[in-house]
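Visitor: can you look at this prediction? I've put the sequence above it.
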Amino acid sequence: MRMLPFLLLGLFFLESAQAVENLGLPPLPVPMDNPQSAEKIALGRRLLNDRRFSGDGTISCASCHLPDKAFTDGLPVARGIAGQTGTRNAPTVVNAAFYTSLFLDGRAPSLEKQALGPFVNPIEHSLKNHQQIVDIVSQDAGYRKQFRNVFGIPGKAITIDHVVKAIASFERTLIAGDSPFDRYYFGRDRSALSDSAARGLRIFRRKGNCSNCHEISWNNALFTDNQFYNIGTGFQRLQPVLDEFLQAVRDGRDPGEFELTAWQRSELGRFNVTRVIADIGKFRTATLRNIARTGPYMHDGSIETLEEVVEYYDQGGEKNRFLDAAIFPLHLTDQEKQDLVAFLRSLTSPQYQTSERP
């Protein structure tokens, strides 16, 4: 019984350390049917890095999500098997555990469902089916032991659902808060930001209208509202066929049968999921956490720097008939633009920072 106060004290310090590490983030959501465990996380890490899960043995999940690039790949659009390129920028996996939907068009409702997609995408992993993964792990003695320890099943009982549950469990460890912004805003440390970044925060919340979509709550900030918007980027690819496409949809034709290039179909965005015309060109609000480490930017990777991103929004985006009403010219001064960029750089967590001060 004498040890109980010391155990409780140790637990207090552990929870306090975790709270500091994740300052600015809400509690981690974990599905009831996929609880976290150290063994499952280790298994997920191994699966994420296994290049055998691709058509030619060269691509793993980690190929597009590199730790030294805040779990992006630093490319405009993702590159898959045989050097093929897709049409969308690879988003960071850091803090993806807090998203209410996955992929830039929101077509997957969970990390588990998201993990299924790239394996059978002909450009990414290019597997014919998920059974190929199951065959690899069930024939690998090391994997069989890990799956038995984690799920209590023999090798012959392994399914793709077990595989993606382990991958998702590892991804749920990729969370990062405690940025200079968090220490300034939630920790009340007024020395955590430079004067420029502090001014940028005010612009972000007011004149810049940024927090309309990149939300900051009273006790946490995901810097995304998990909603979908047309901000104009890349929409010019659709313009040549848009009228004909809209008429076809209104006439009841299957949008999937309408002849479009891969880029044009990608630019339909959220519409590809909902089939609602108002969703054409909409993409999920990206988190801004660690944004200084995750360029290039936008769903198509078409903007190289944060300075260019700020300039894009200052000009009011690219006009189109579906442009969201929240996108309009901001008329920022040069100093305000510099301050806003300084603030965006302050959203970098310690593990992804360089020596520069925000």
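Guide: Right, received. Where do you want to start? Numbers count the residues shown, from 1 in each chain.

Visitor: and the pLDDT at Pro31?
Guide: pLDDT for Pro31: 97.

Visitor: please apply the same query to the one 5 residues further on.
Guide: In the predicted model, Gln36 carries a pLDDT score of 98.

Visitor: break this structure down into its structural domains.
Guide: 31-171, 180-231+284-352, 239-280 (automatic domain parsing).

Visitor: Glu21 is nearest to which of the ones you listed?
Guide: domain 180-231+284-352 (8.7 Å; CB to CB). (Glycine included, C-beta is placed from N, CA and C.)

Visitor: distance between the ends of the closest one?
Guide: Separation of the first and last residues of domain 180-231+284-352 by CA to CA, to the nearest Å is 12 Å.

Visitor: helix, strand or coil for Leu127?
Guide: At Leu127 the chain is in coil, as set by DSSP: H, G, I helix; E, B strand; the rest coil.

Visitor: hmm, Gly57 and it touching each other?
Guide: No - with contacts counted by CB atoms under 8 Å, Leu127 stays clear of Gly57, the gap being 11.1 Å.

Visitor: these two: who's more crowded?
Guide: Leu127 (19 against 11; other CB atoms under 10 Å).

Visitor: Asn22: which of the domains of the chain is closest?
Guide: domain 180-231+284-352 (9.0 Å).

Visitor: average model confidence for the closest one?
Guide: For domain 180-231+284-352, mean pLDDT rounds to 97.

Visitor: quick one: which of the domains of the chain is nearest Leu23?
Guide: For the domains of the chain, proximity to Leu23 was assessed by CB to CB; domain 180-231+284-352 is nearest, at 4.4 Å.

Visitor: any idea how far that closest one is from the middle of the chain?
Guide: How far domain 180-231+284-352 lies from its chain's middle: 15 Å, per CA atoms, centre = their mean, to the nearest Å.

Visitor: any chance of the domains of the chain in JSON lines, plus distance to Leu25?
Guide: Formatted as JSON lines, those follow (distance: least, CB to CB, whole Å):
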{"stretch": "domain 31-171", "distance to Leu25": "7"}
{"stretch": "domain 180-231+284-352", "distance to Leu25": "6"}
{"stretch": "domain 239-280", "distance to Leu25": "26"}
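
Visitor: quick one: low-confidence parts of the stretch 51-200 of the chain?
Guide: Of all residues in the stretch 51-200 of the chain, none has pLDDT under 70.

Visitor: what ranges do the helices span in it?
Guide: Ranges of helices in the stretch 51-200 of the chain, per DSSP state H, counting those that start in this stretch, are 111-119, 131-138, 141-151, 160-171, 180-185, 195-205.

Visitor: for the ones you listed, which one sits closest to Glu39?
Guide: Nearest to Glu39 among those is helix 141-151 (5.0 Å), distances taken as CB to CB.

Visitor: quick one: contacts of the closest one?
Guide: Helix 141-151 has contacts (CB atoms under 8 Å, 6 or more residues apart in numbering) with 37, 39-40, 42-43, 46, 136-138, 153-155, 158, 162, 166.

Visitor: can you give me the buried ones in it?
Guide: Neighbour counts over helix 141-151 (16 or more other CB atoms under 10 Å) mark 143-144, 146-147, 150-151 as buried.

Visitor: same question for stretch 148-165.
Guide: By neighbour count with 16+ other CB under 10 Å, stretch 148-165 contains the buried residues 150-151, 155, 158-160, 162-165.

Visitor: how far away from the center of its chain is that stretch?
Guide: Computed by CA atoms, centre = their mean, the chain-centroid distance of stretch 148-165 equals 27 Å.

Visitor: now swap in stretch 141-148 and tell me
Guide: Computed by CA atoms, centre = their mean, the chain-centroid distance of stretch 141-148 equals 30 Å.

Visitor: re the thing from before, can you redo the buried residues of helix 141-151 as TSV with distance to Asp195?
Guide: Output for the buried residues of helix 141-151, formatted as TSV (distance: CB to CB, whole Å):
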residue	distance to Asp195
Tyr143	53
Arg144	58
Gln146	51
Phe147	54
Val150	50
Phe151	53
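
Visitor: can you give me the helices for the stretch 251-358 of the chain?
Guide: Assigned by DSSP H, counting those that start in this stretch, the helices in the stretch 251-358 of the chain fall at 262-267, 271-274, 306-314, 334-345.

Visitor: quick one: average pLDDT of the second one?
Guide: By that I understand helix 271-274. Here the average pLDDT along helix 271-274 is 97.

Visitor: nearest to Pro118, of the helices of the stretch 251-358 of the chain?
Guide: helix 262-267 (15.1 Å).

Visitor: no more questions from me, cheers.
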